[in-house]
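# Turn this into a structure:
(2 chains)
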Amino acid sequence: MFGSGKASTYESLVRAYTPDLYRFAYWLCRDRMLAEDLVQETCLRAWRGWDGLRDTHAAKQWLFTILRREHARLFEQARPEMVDLEDEAVERLAGHSLQPPLEAREAVMQLPESYRLPLLLQVLGGFSAAEIGAIMDCTEEAALARVSRARRMMRQALDGPMETKEKTR
Amino acid sequence: MNCLDFMRELNADPRRLSAAARAHAEGCAACARTQARQAELERELAAALNIHPPAGLADRILLEVKLQRRRSVQFLAVAAGVAMATGLTLTLPVLRQAGLPAAMIAHVQGEPHLLTIQAQATPEALARELSRIGAVAAAPIPVVHAAPCDVPGGDGGHVVFDTPYGRVTLLLVPNRREDIGKRLEKAGFVAVVRAAQRGCYSLIAQNEQALAAAEAMLAERMRWRT
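Residues are numbered from 1 along each chain as shown, chains lettered A, B, ... in the order given. Next up, the predicted model:
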């Protein structure tokens, strides 16, 4: 479909990463049509900014970063909210009667965005804490803390309050 | 490393445990159990997140990029040529024009496992979902799934039930009322949109008989709140 070296590399990357980008976009906005638009806009911006990509090995992280920013731009959220919602969110999540796997989906949907986003990047994108920090414009430590908190929320939502044991050890 | 350190690592990234963490789990039965359960949760999470992208998405994106590159005097000729050569149409605009029924079919395509799961939803779950559009079940409906979901306008519900001709999906769209009465056949599905007391709902089936049976079942067993 694309002829030149640059274009064929671009095409390979789009074909390789579109499924992951779509899943990430869907779980960000939870709307299929919007997710498709987000992925398309991401890829268009990637093409226009192609010359800014120094290393194609970093393309995946670059594409996820573009998508995250595009989503933030659409919803006028330059950064995810930083409010500590742990107790409230955990209480809300634990109040549901959840049975996996569909209930895991429901629990993800109810995670506050600032926790859902890094968890998605780790589970869907396979990114390290440092890469998640770069995509989210935060430190590696902050990314790690949010992923940990998201995972604790998920476990509590799916298994019930087993955190007491963890905290007392 | 103690148990607390191990839990910190496990919560941060269960797939990248350090050698020290792995050694700790080998010598600590409680942490080993927690690690095993976490591995199960990771599998559940990965399965839950694994939605299917729309068919042909990458092709449509590449086509759009190509069209933008060649937006010039030859734009229309090139666009038509590419579309004919690849068998593609400009799907996004078409999807927009197709409206709610297309979105409903895309929604069902995104969760194919619901068309085959062996399960039974509770009457309470069904009642909760039907209430979104101001409906109640006046008689039992053989529901296998009833849960909240994302639909255009938000606050949606996703119900799947069996008919003698196959499984049918009922998507509840409380905040939109558009394309009422519109039908669409696409990708092996047939969808229809009906007005509800609040918003609208859509039935999506894999054949006309199942759709007709579902419509008859709802006409007989579903009532609007007074």
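# make it CA atoms for all contacts and neighbour counts henceforth
Fine.
# which SSE is residue 6 in?
With no chain named, the answer covers chain A. helix A:5-29 (DSSP states H and E).
# was after chain B, sorry
Counting by DSSP H and E, B:Phe6 is found in helix B:3-12.
# Counting by contacts, list what that helix packs against.
Judged by 3 or more CA pairs under 8 Å, 6 or more residues apart in numbering or on different chains; DSSP states H and E, the packing partners of helix B:3-12 are helix A:140-159, helix A:163-168, helix B:19-27, helix B:29-49.
# can you rerun that using 7 Å?
When contacts are defined as 3 or more CA pairs under 7 Å, 6 or more residues apart in numbering or on different chains; DSSP states H and E, helix B:3-12 packs onto helix A:140-159.
# Following the record's annotation, map out the domains of the chain.
By default, I'm working from chain A. For chain A, automatic domain parsing gives the domain ranges A:1-99, A:100-169.
# nope, chain B
Split by automatic domain parsing, chain B gives B:3-49, B:112-224.
# Ranking helices and strands of the chain by mean pLDDT, which lands last?
All of this is about chain A. Using mean pLDDT, DSSP states H and E, the weakest-scoring helix or strand in chain A turns out to be helix A:163-168, at a mean of 44.
# could you do chain B instead?
Per mean pLDDT, DSSP H and E, helix B:91-98 ranks last in chain B, at a mean of 44.
# Write out the residues of chain B neighbouring chain A.
Proximity of chain B to chain A (CA under 7 Å from any CA of the partner chain) is limited to residues B:3-4, B:11-12, B:44-49, B:51, B:53, B:58, B:61-62, B:65, B:150-151.
# now do 6 Å
B:11-12, B:44, B:48, B:53, B:58, B:61 (CA under 6 Å from any CA of the partner chain).
# I'd like to know which of those residues are buried.
B:11-12, B:44, B:48, B:53, B:58, B:61 (16 or more other CA atoms under 10 Å in any protein chain shown).
# Any idea which of the domains of chain A gets closest to chain B?
Chain B lies closest to domain A:100-169 among these, at 4.5 Å (CA to the nearest CA).
# Distance-wise, check B:Arg225 relative to B:Ala146.
According to CA to CA, to the nearest Å, B:Arg225 stands 19 Å off from B:Ala146.
# between these two, which one's more packed in?
B:Ala146 (25 against 11; other CA atoms under 10 Å in any protein chain shown).
# So the residue nearest to that one when sequence neighbours are not counted: helix, strand or coil?
If the residues on either side of it in the chain are set aside, B:Ala146 comes closest to B:Val159, at 4.4 Å by CA to CA, 6 or more residues apart in numbering or on different chains. Assigned with DSSP: H, G, I helix; E, B strand; the rest coil, B:Val159 falls in the strand class.
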